[in-house]
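Novice: Return atomic coordinates for the entry below.
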Amino acid sequence: MALPEAFDHLGLAWRIATGQRLFHVPRAVVPAKLTQPANSQEEFESRCSALGDMLKTFDFPAEGGSLNNMKARLTELLGEASSGRARDGVDTLRRVFDLRAGQQHHGADTRAERARTALGLTRFGNDWAGAWDHLRAMVVQALTIIREEISPLTD
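Specialist: Numbering: from 1, shown residues only. The predicted structure follows:
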């Protein structure tokens, strides 16, 4: 439950800090999949797809990509000098999209391999359960960092 809870906590902090919703989840199955294990490559790819779907629900204008727009909004809220840690968290989330793209599109293989390396997934080989647990932990950490950085705005 740590991953759905991290989304919830960030969503609440974002709404308090900005007065706007961060995301809207239209189907309950998406966050539910994030709580499930991945014991095969197919299950790992399915979980990555659900994670990508969850990130796509972030409510930012689509031009430039919602995570790119999230980085811009964080810079606006926190200032250039103070937003680096939060923007790094968004970069981790961006790597999930790159990983997912490589699973679904042959032309994105290079970008996906860079994401696998940056996310520390290369060391897991075919240990899909370990890779999924690691990826979930990385995303929880990224969401928590973003929440911590905007928390002073909620006072």
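Novice: From here on, just use CA atoms for contacts and neighbour counts.
Specialist: OK.
Novice: ok, now which ones touch the nearest residue to L51 once chain neighbours are set aside?
Specialist: Using C-alpha to C-alpha, 6 or more residues apart in numbering and skipping residues adjacent in sequence, the residue nearest L51 is L34, 6.7 Å away. By C-alpha atoms under 8 Å, 6 or more residues apart in numbering, L34 lies in contact with M1, L3, P4, R47, A50, L51.
Novice: Among the residues you listed, the buried ones, what's the ChimeraX command?
Specialist: Selection of the buried residues among the contacts of L34 in ChimeraX, burial being defined by 16 or more other C-alpha atoms under 10 Å:
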select :3,4,47,50,51
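Novice: Could you save the contacts of L34 as TSV and add columns showing secondary structure and distance to A112?
Specialist: Compiled in TSV, the contacts of L34 are given as follows (DSSP: H, G, I helix; E, B strand; the rest coil; distance: C-alpha to C-alpha, whole Å):
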residue	secondary structure	distance to A112
M1	coil	26
L3	helix	22
P4	helix	24
R47	helix	16
A50	helix	17
L51	helix	15
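Novice: how far away is K56 from A50?
Specialist: Going from K56 to A50 by C-alpha to C-alpha, to the nearest Å gives 10 Å.
Novice: distance of the residue nearest the centre of the chain from P26?
Specialist: Closest to where the C-alpha atoms of the chain average out (C-alpha atoms, centre = their mean) is L93, at 3.3 Å. L93 is 20 Å from P26, where distance means C-alpha to C-alpha.
Novice: pLDDT weak spots in the chain?
Specialist: Low-confidence segments of the chain (pLDDT under 70): 61-65, 105, 108.
Novice: My read is that V140 contacts H9, right?
Specialist: No - counting by C-alpha atoms under 8 Å, H9 is not a contact partner of V140; they are 10.4 Å apart.
Novice: So for these two, which sits in the more crowded spot?
Specialist: When neighbours are counted by other C-alpha atoms under 10 Å, V140 comes out ahead of the other of V140 and H9, with 19 against 15.
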